[in-house]
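S.K.: how does the following fold in three dimensions:
(2 chains)
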Amino acid sequence: MITAIVLNGFRALRRDRGALILSFILPIAFFSIFGMVFGGRRSTGTPRVSVLLVDEDHSAASERLMRGLRRESSLVATTRPETKKGESAPPEYTAATAETAVKQGIAPAALIIPQGFGANPVAFGPGGTRKAIRILHDSSDPVAAQVLAGMLQKVVMTSLPDTMAASGMRYFEQSSGGLTSEQRKNIESGLSHLRERSEKRDRDESPSAANQDNSLGGLVAVEVRDVVGENKRSPMISFYAAGVGVMFLLFTASGAGGSLLDEAENGALDRILSARVSMTTLLAGKLAYCTLLACLQLTLMFLWGAAVFHLDLFAHLPGFFVMTIATSFAVASFGMLLASVARTRAQLGAVSTLIILTMSAVGGSMFPRFLMPEMMQKAGLLTFNAWAIDGYTKVFWRDEPVSHLAPQVAVLIGSGVALFLIARRFARKWEYV
Amino acid sequence: MAAPPQAGERTIPLQIDCVVKRFGALTAVDGVSLVADRTCLGLLGPNGAGKSTLIRAIAGRVRLDSGTVRVFGQQANSAAARAELGWAPQEVALYALLTCRENLEAFGRYQGLRGKALRDAVQWCLEWAVLADRANVPVKALSGGMRRRLNMAAGIIHRPRLVLLDEPTVGVDPQSRNRIFEMVEDLRNQGTTVIYTTHYMEEAERLCDSIAIIDHGRIIAQGAKEELVAQSFGGRSDVLMHFAACTPNVASWASARGGDMKDGIAHFSIEQPTAIATLLDAAAREGLEVIDVTLRRPNLESVFLQLTGRELRQ
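M.R.: Numbers count the residues shown, from 1 in each chain, chains lettered A, B, ... in the order given. Predicted structure coming up:
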């Protein structure tokens, strides 16, 4: 008896492609995505933190620190903007231009070595007169500043061991009442040895060597400032409103587009098309409905964000409307495409769940893309989620003007038009029997 | 291809010429030619005979392999033909979550109605379908019969001159069926040409002026009911004899006299009613006990059986 029930279950499952997709393909797809983001870093590469470096000091110590930072494998350190084709190299970043670049999202953090740093880079004990290294960061990427600050301490230890030891000895000498000449001679010998090791590693320029050499110790003053979100009341709320919003918009659009399949199944589509309605008109009407529905959904989400999480919606209305219309149109077109490709409601449900959850994971709706390996971050650009989140981030996080949304709007509207045309092509199957 | 109608020429509501439609190896409609001229034409045939495909071809929803379908002289899928044509599909092709009124408004708009014309048409349809008191009830809350009536109303909201009703009484209780018959008769009385498909003989006999019998995609007989019966049976009648015991002797006895056994009943076809006495005498001589005899004039069911060798509802 039980065998018969089990057999029936497997036979039905074998013939239900939707259930097969949800049972086996979706979990594997998600396992792979999460594995690539959080577990498979050996094969896909550790996500590296981009940092802009500014040396205002130009001392021996600051230059050694800059070299040490550039050697770090977990950092992508740059000192000047990218050189455009056919143009000469732009000037190196200054503190001001680096701050602007961070605000524009070019890099999540900048590190500025201030003038006078080299005079007393490392100090122990109270009353030190160290110049603090400044880290300017964008708190929409909370990882970058933490990684950079940690890396800075490590690099100081490994790049300036002699300076650190000398500073330590000065502090010891002051507090212990002085050293004998024998003690001073031994210490000088040790410091000389440290300097040689450090210089040898500088010549070697091997990141792995730098990473492995953790035997030396020290401290440096660091001042961290959030240059983008310092005046924001709810730093990440716009990110989550956009991310979660787009994911559910995709589900809604797919469901709304599925009304085509309902109409095809119950004969209403035949009746409509035998009236004065063409297939193009019908699809355009469905697209308009899905777009309006998506606009309403996003508006409700952001209003909720404003009411409950203090999202500053009303100061960003133009950008919000531009992004909402573009995102809604693209998502609605995608829903129309899914519905026109599917043959049944059940098939639509299974396929759209697989595609939408995958898109949302890769596109940054579930976790920020900066956590992902570079390859996945690039793959994310194939999804609506990534472009929509980037656009909303520009509006609400970076306070950028509407004109700066051109790339996001162009991609969303352009792909929306393309998807609608493809959906129209697939919808020919309903035009005539 | 037939030429478009000239000015002043009276156009025929429906003219089908040599229509062929294949689905792969299956020929669903096989060279059908048909004319419907201000009548209620019954399209009769068993399930799978090709009725619905032919109806969809008239509605311009089928890409024909050959042949033409003209509605008031216009090619079936043209805008002019669509304006003249109303269609109630076999399925209840409505929006289940919308109310009766909202459904009618939607299908009225699809037919180009707006404003007062739309409101008037909706109200007329609600009254025609006897659904005025259910105007604001969602379709999903209606009974099967009410849905069928609304399905018909949605098909004629633009008051077309040719209406296709594809098995409109499937799954309907007797009371609603009668109401549907009255609705069809109402359309006929208004001069609308109705094409009515069914596999219920009694519906065709009640509603249709002429009948086309379709089987395996072909029209195998066409004409008024009386003509079809006369063509198939002349003046003959059916005699049905029930016996006390249905034995092999009964079957061989019936077979020897040109009859056949069906469901334990012997069927005979006779020219004159007096032949019944001859049959009763013969049965008595053989010692077969007859418990009931029925004399029946052949009907469309008999015609279909005669022409195809099958029951209509098989």
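S.K.: give me the packing partners of the helix or strand harbouring B:Asp281, helices and strands only.
M.R.: Per DSSP states H and E, B:Asp281 falls inside helix B:275-285. Contacts defined by 3 or more CB pairs under 8 Å, 6 or more residues apart in numbering or on different chains; DSSP states H and E place helix B:275-285 against strand B:237-243, strand B:265-270, strand B:290-296. All C-beta atoms are positioned from the backbone trio N, CA, C, and that covers glycine.
S.K.: which residues touch the closest residue to B:Asn299 other than its chain neighbours?
M.R.: Excluding the flanking residues, the one nearest B:Asn299 by CB to CB, 6 or more residues apart in numbering or on different chains is B:Met201, at 6.3 Å. If you count contacts by CB atoms under 8 Å, 6 or more residues apart in numbering or on different chains, B:Met201 has them with B:44, B:299-301, B:304, B:312.
S.K.: kindly report the same for B:Ala204.
M.R.: By CB under 8 Å, 6+ apart, the contact list for B:Ala204 reads B:42, B:44, B:196, B:198, B:211, B:225, B:300.
S.K.: before we move on, back to that, now, which of the contacts of B:Met201 lie within helices?
M.R.: Using DSSP state H, the subset of these located in helices is B:300-301, B:304.
S.K.: only the buried subset of those residues, as a PyMOL command please.
M.R.: To isolate the buried subset of the ones in helices among the contacts of B:Met201 in PyMOL, counting by 16 or more other CB atoms under 10 Å in any protein chain shown, use the following:
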select buried, chain B and resi 300+301+304
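S.K.: what's the single longest helix in chain B?
M.R.: Of all segments of type helix in chain B, defined using DSSP H, the longest is helix B:174-189.
S.K.: list the helices and strands that helix packs on?
M.R.: helix B:144-155, strand B:193-198, helix B:201-207.
S.K.: do that again at 10 Å, thanks
M.R.: Secondary-structure packing of helix B:174-189 (3 or more CB pairs under 10 Å, 6 or more residues apart in numbering or on different chains; DSSP states H and E): strand B:40-44, helix B:115-128, helix B:144-155, strand B:162-166, strand B:193-198, helix B:201-207.
S.K.: so B:Lys21 sits in a helix?
M.R.: No - assigned with DSSP: H, G, I helix; E, B strand; the rest coil, B:Lys21 falls outside any helix and is strand.
S.K.: okay, now it: neighbour count?
M.R.: B:Lys21 has 23 neighbours, counted by other CB atoms under 10 Å in any protein chain shown.
S.K.: likewise for A:Leu160?
M.R.: Using other CB under 10 Å, A:Leu160 is surrounded by 27 other residues.
S.K.: surely it and A:Ile113 touch.
M.R.: No - contact criterion CB atoms under 10 Å: A:Leu160 and A:Ile113 do not qualify, at 11.7 Å.
S.K.: who touches both of the two?
M.R.: Residues touching both A:Leu160 and A:Ile113 (CB atoms under 10 Å, 6 or more residues apart in numbering or on different chains): A:61-62, A:65, A:121, A:220.
S.K.: farthest pair within the residues you listed?
M.R.: Pairwise distances across the shared contacts of A:Leu160 and A:Ile113 (CB to CB) peak at 11.2 Å, for the pair A:Ser62 and A:Val220.
S.K.: any shared contact partners between the two?
M.R.: Residues within reach of A:Ser62 and of A:Val220 at once, by CB under 10 Å, 6+ apart, are A:113, A:117, A:121, A:131, A:133, A:160.
S.K.: so, low pLDDT: which residues of the stretch 151-300 of chain A?
M.R.: A:171, A:175-179, A:190, A:193-194, A:197-219, A:229-235 (pLDDT under 70).
S.K.: who in it is up against chain B?
M.R.: For the stretch 151-300 of chain A, the residues in contact with chain B (CB under 10 Å from any CB of the partner chain) are A:259, A:262-263, A:265-278, A:281-282.
S.K.: rerun at 8 Å
M.R.: A:263, A:266-268, A:270-277 (CB under 8 Å from any CB of the partner chain).
S.K.: among those residues, which lie within helices?
M.R.: Counting by DSSP H, those place A:263, A:266, A:268, A:270-274 in helices.
S.K.: emit the ChimeraX select command for whichever of the residues you listed are buried.
M.R.: A single ChimeraX command is used to select the members of these judged buried by 16+ other CB under 10 Å:
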select /A:263,266,268,270,271,272,273,274
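S.K.: follow-up on the earlier one: tell me the one among the ones in helices among the contacts of B:Met201 nearest to A:Ala166.
M.R.: Nearest to A:Ala166 among the ones in helices among the contacts of B:Met201, counting by CB to CB, is B:Phe304 at 112.5 Å.
S.K.: these two touch, right, that closest one and B:Leu44?
M.R.: Yes - between B:Phe304 and B:Leu44 there is a contact at 7.0 Å, judged by CB atoms under 8 Å.
S.K.: quick one: distance of stretch B:197-214 to the chain centre.
M.R.: Relative to the chain's own centre, stretch B:197-214 is displaced by 4 Å; criterion: CA atoms, centre = their mean, to the nearest Å.
S.K.: can you lay out the ones in helices among the residues of the stretch 151-300 of chain A next to chain B as TSV showing distance to B:Gly145?
M.R.: Formatted as TSV, these follow (distance: CB to CB, whole Å):
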residue	distance to B:Gly145
A:Glu263	23
A:Asn266	17
A:Ala268	19
A:Asp270	22
A:Arg271	19
A:Ile272	24
A:Leu273	27
A:Ser274	24
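S.K.: with that, I have no additional questions.
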